[in-house]
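Engineer: next input, structure requested:
(2 chains)
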Amino acid sequence: MSRPDSRPLRIALVGNPNTGKTTLFNRLTGSRQKIGNYPGVTVEKKYGAWQPGGRAATLVDLPGAYSLAASSPDERVALDFLTGHLDGEARPDAVVCVVDASNIVRHLFLASQVADLGLPMVIALNMSDAAGRAGIRIDAALLSRHLGVPVVPTVATKGEGIGALERAVLRAVDDRLLMAQVVWPEAVDRAVQYLAAGLEKEGVPPPGRGELRRILFDSRSAVLARAGWPPEADPQPLLSAARDILAAAGLQPVAAEALLRYEHIGHVTADAVRFPEKRRRTATERIDAVLTHRVWGLVIFVLLMLLVFQSIYAWAGPAMTLIENGVTAVQDTVAPWLAAWPAGQSLVVDGLVGGVGGVLVFLPQILVLFFFIALLEDTGYMARGAFLMDKMFGWCGLNGKSFVPMLSSYACAIPGVLATRTIEDPRARLTTILVSPLMSCSARLPVYVLMIGAFIEPRYGAAAAGAALLAAHLVGLAAAVPVAWGLNKFVLRTRPQPFLLEMPPYRRPLLRDVLWRLWERAREFLVRAGTVILAMTVLIWALVYFPRPAEVRARTVAELPPMNDPAAVERAVDAAYLEQSYLARAGRAVQPLFAPAGFDWKITVGVLASFPAREVIIATLGTIYGIGREVDEGSGDLRAALARDRWMHGRRAGQPVFTVPVALAVMVFFALCLQCGATVAVMAKEAGWRWALFGFVYMTALAWLGAVLTYQLGTRWLGG
Amino acid sequence: MNVAVISLAALRPGECGRVQSGESAHPATQRLLAMGLLPGTEITVVQVAPLGDPVEVEFRGVRLSLRKADAAAVRVETFPA
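Structural biologist: Residues are numbered from 1 along each chain as shown, chains lettered A, B, ... in the order given. Sure, this is the predicted structure:
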């Protein structure tokens, strides 16, 4: 059967987690990949162009799954995609099932479920080098004969077997090679018949046999509702009766599928796979003896986290200085060109270049953090972290799997909220979604670095600065635990759900994959900096620059004592303009609300402007203080400007605006507040608008409370 | 006869057993079955997490972390090592 070459082939990549599926995907598609979302659900859709044997193809990387029982959204997407039930997604022409050669028996379980859906298939026997080293001998040709589909040994990390895989996929498509199915006992066929009849009686056109078996075997099947089962009708009587047919034949309904499939897999692998006689103590076991040790494991975990955050602070420093200097150089170059047009000069120099530059400066830190997250995930340590931490999370309704979304949220809550899809328990998942944005994302880092660099480091030293940075990152975590507990106790009332997590062997991470993820993250951040943040920057600049009536200048100059320094006059004029700008008016109107936290109107303005995207605070403060900046002194340093700022009026007139308690209150506010439009949107998509709004309201309230407490207690203990 | 049927949660680190059955109503059961923990499969408790829960078990060459509450759903026959 040949197809017209004009339509690209659609090939799906499926497999258990930890099979090297993503590495294989990167290897096959290279840089020609795109990331999107499936419509209706926020499971990440990764697809890329691929040219097996010169034919045009789209390779779709489906989320990792242990089975098609669809007990998590990830597995549901895999099932829906393969059955052609995902909106706008045609059924694939073939499936590449990625199997870890060392775990071939267990991983063929998923392959055998996919085979049930009647799609041409190729088995990629990945990491076959590691299996060989462990003494596992697999006769791929014999296995291929038993299974009826090509079985191709691959080593994705080294690019081995890629050519053979490409040829095999074309062969599977062209010859419609289907994997040998389980020979089902008569009772299973009878139960499936019974289900089909029951569906028809309810007016539901029965799906294929493979999908009917999913309805039969899965305790809460997603297939039933999708097939058109009326939501008001209770399917339990029909399902129970069908399962009774299995029970009457001596097949335990829950275990029947696994027993029959594993029996089948046992047959096909019996002569094709040989396991070593004696198990050797693996490197993973030796490493785990230390890394999950009851004392050393925890010590190392804490030290590792400490190292990560110290590195963000230390490693990114030089690159940040470089970017800062670059921004200043651009400003100095551009400013003279626009000297004839003051408003335009201010827009470009202070608004565009200053604002975006001030955000760009944090790119190095984001990269350092994502470097560590990629390393933790790719080495397999992330699962150990979950193992060590589960007890700490479990009692408050989260679980060890919450650790991964929560740690990811330390970079950005958006991938973190998306990562909650791996949590099967819907309530633990909702709780994790609601508390993940409390984790200190990298967009908060600028605020911490600014405040610590300006007020903690100069006064208490570098060690205190590192400790303060770590503490800032722990504030959200410390709040998350009671919040999660309260949510479960009073709002959701969770029943504990199972927590099963595979501990993959430790692996050497592949630099290519790590760099690829860094690039994805950097691109995302730069696009954001170029769009949302740029737009906000211009808006805020305008709100700061306007209105600009001439009489303000005239009055200010007239009120000044006679002086010969034109720069000082300009400074006074700029300050006067700033004081009556639109943003200052808004900030002053809201400021009483933030007065108990020690915020002046400028900080209040920064807080208000940061609700769409919190990193805007830096651009905002940069614009506010930059406008009053002495250009010839070249002091683009925001830290110095903050430290110089004094209260203009009131009982604290002449005292510094920023004291240590104020700086800490600002940090706590930003640590706890949900100032990110994109995160709110993702939460809404994952959990509905009601919960997104709930998250926004509780976090804003918590942030205010936290900032007020910090300031009030701080002034008491540390003094103003 | 040294065989005793106990819950998986009652096995101590280093001890092993053979799965007899899983509680069919328990939500962990179907997932464990899919991962290859079938009646008759040998399972070893590798270690308990430093904070007392979860436990790490090994079967069919896979290492899995699961809570004691979930391990309690699995009945195992112990046999002298």
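Engineer: contacts and neighbour counts: CA atoms only from here.
Structural biologist: OK.
Engineer: please identify the helix or strand for residue 75.
Structural biologist: With no chain named, the answer covers chain A. Assigned by DSSP states H and E, residue A:75 belongs to helix A:73-82.
Engineer: chain B, not that one
Structural biologist: Using DSSP H and E, the element containing residue B:75 is strand B:74-78.
Engineer: what's the domain layout of chain A?
Structural biologist: Domain assignment for chain A by automatic domain parsing gives A:9-174, A:186-250, A:305-445+A:459-492, A:524-718.
Engineer: do a quick rundown of the strands in the stretch 401-550 of chain A.
Structural biologist: In the stretch 401-550 of chain A, the strands defined using DSSP state E, counting those that start in this stretch lie at A:500-502.
Engineer: for residue 48, grab phi and psi.
Structural biologist: No chain was given, so I picked chain A. For residue A:48, the backbone dihedrals (degrees, to the nearest 10) come out as phi -160, psi 160.
Engineer: was after chain B, sorry
Structural biologist: Residue B:48 adopts backbone torsions of phi -110, psi 140, taken as degrees, to the nearest 10.
Engineer: and for it, nearest residue in space, chain neighbours not counted?
Structural biologist: Nearest residue to residue B:48, sequence neighbours excluded (CA to CA, 6 or more residues apart in numbering or on different chains): residue B:55, at 4.3 Å.
Engineer: can you tell me, leaving aside adjacent residues, what's nearest to residue B:45?
Structural biologist: residue B:57 (4.4 Å).
Engineer: which SS state does the one you found fall under?
Structural biologist: strand (DSSP: H, G, I helix; E, B strand; the rest coil).
Engineer: that older thread, can you redo the domains of chain A as CSV with mean neighbour count and distance to residue B:70?
Structural biologist: Shown next, in CSV, are the domains of chain A (neighbours: other CA atoms under 10 Å in any protein chain shown; distance: least, CA to CA, whole Å):
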stretch, mean neighbour count, distance to residue B:70
domain A:9-174, 20, 16
domain A:186-250, 17, 17
domain A:305-445+A:459-492, 21, 13
domain A:524-718, 19, 27
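Engineer: name the SS class of residue B:40, please.
Structural biologist: Note that with three-state DSSP, the state of residue B:40 is coil.
Engineer: quick one: it and residue B:17 touch, right?
Structural biologist: No. Between residue B:40 and residue B:17 there is no contact under CA atoms under 8 Å: 9.2 Å.
Engineer: who touches residue 53 in this structure?
Structural biologist: No chain specified, so I'll use chain A. A:166-167, A:170 (CA atoms under 8 Å, 6 or more residues apart in numbering or on different chains).
Engineer: wrong one, I was asking about chain B
Structural biologist: Contacts of residue B:53 (CA under 8 Å, 6+ apart): A:390-391, B:67-68.
Engineer: partners of the closest residue to chain B within the stretch 451-600 of chain A in the sheet?
Structural biologist: Among the residues of the stretch 451-600 of chain A, residue A:502 lies nearest to chain B; the distance is 4.4 Å by CA to the nearest CA. Beta-bridge partners of residue A:502, counted by DSSP bridges, are residue B:64.
Engineer: so what's the residue count around it?
Structural biologist: With neighbours defined by other CA atoms under 10 Å in any protein chain shown, the count for residue A:502 comes to 20.
Engineer: give me the pLDDT for it.
Structural biologist: pLDDT, residue A:502: 88.
Engineer: so where do the strands sit in chain B?
Structural biologist: Assignment of strands within chain B using DSSP state E yields the ranges B:4-7, B:16-22, B:42-48, B:55-59, B:62-66, B:74-78.
Engineer: return the distance of the closest residue to residue A:103 other than its chain neighbours relative to residue B:46.
Structural biologist: The spatial neighbour of residue A:103 that comes closest, neighbours along the chain excluded (CA to CA, 6+ apart), is residue B:61 at 7.1 Å. Applying CA to CA, to the nearest Å, the value for residue B:61 to residue B:46 is 12 Å.
Engineer: before we move on, what about residue A:248?
Structural biologist: Here residue A:248 is placed at a distance of 38 Å from residue B:46 (CA to CA).
Engineer: please apply the same query to residue A:138.
Structural biologist: Counting by CA to CA - residue A:138 and residue B:46 are separated by 28 Å.
Engineer: list the contacts of residue A:389.
Structural biologist: Residues in contact with residue A:389, defined by CA under 8 Å, 6+ apart, are A:400, A:403.
Engineer: helix or strand: which one has it?
Structural biologist: Residue A:389 belongs to helix A:381-394, assigned by DSSP H and E.
Engineer: got the angle between that helix and strand B:62-66?
Structural biologist: Orientation of helix A:381-394 against strand B:62-66 (axes from the mean of the first three to the mean of the last three CA atoms, to 10 degrees) gives an angle of 20 degrees.
Engineer: just the CA atoms of helix A:381-394, as CSV, please.
Structural biologist: Taking only C-alpha atoms (Å, rounded to 0.1, in the frame of the first residue of the first chain), the coordinates of helix A:381-394 have been written out as CSV:
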residue,chain,number,x,y,z
TYR,A,381,18.3,12.2,41.2
MET,A,382,14.8,13.9,40.9
ALA,A,383,13.1,10.6,41.8
ARG,A,384,15.4,10.2,44.8
GLY,A,385,14.5,13.6,45.9
ALA,A,386,10.8,12.6,45.7
PHE,A,387,11.6,9.5,47.7
LEU,A,388,13.4,11.5,50.4
MET,A,389,10.7,14.2,50.6
ASP,A,390,7.5,12.2,50.2
LYS,A,391,6.9,11.9,53.9
MET,A,392,7.3,15.7,54.3
PHE,A,393,4.8,16.4,51.6
GLY,A,394,2.5,13.4,52.0
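Engineer: just give me how far it sits from the chain centre.
Structural biologist: Centroid separation between helix A:381-394 and its chain, computed with CA atoms, centre = their mean, to the nearest Å, is 18 Å.
Engineer: next, the angle from that helix to strand B:55-59.
Structural biologist: 130 degrees.
Engineer: what mean pLDDT does helix A:381-394 have?
Structural biologist: 85.
Engineer: again, but for stretch A:521-539
Structural biologist: Stretch A:521-539 comes out at a mean pLDDT of 74.
Engineer: how about residues contacting it?
Structural biologist: A:347, A:351-352, A:355-356, A:359-360, A:363, A:366-367, A:370, A:613, A:616, A:619-620.
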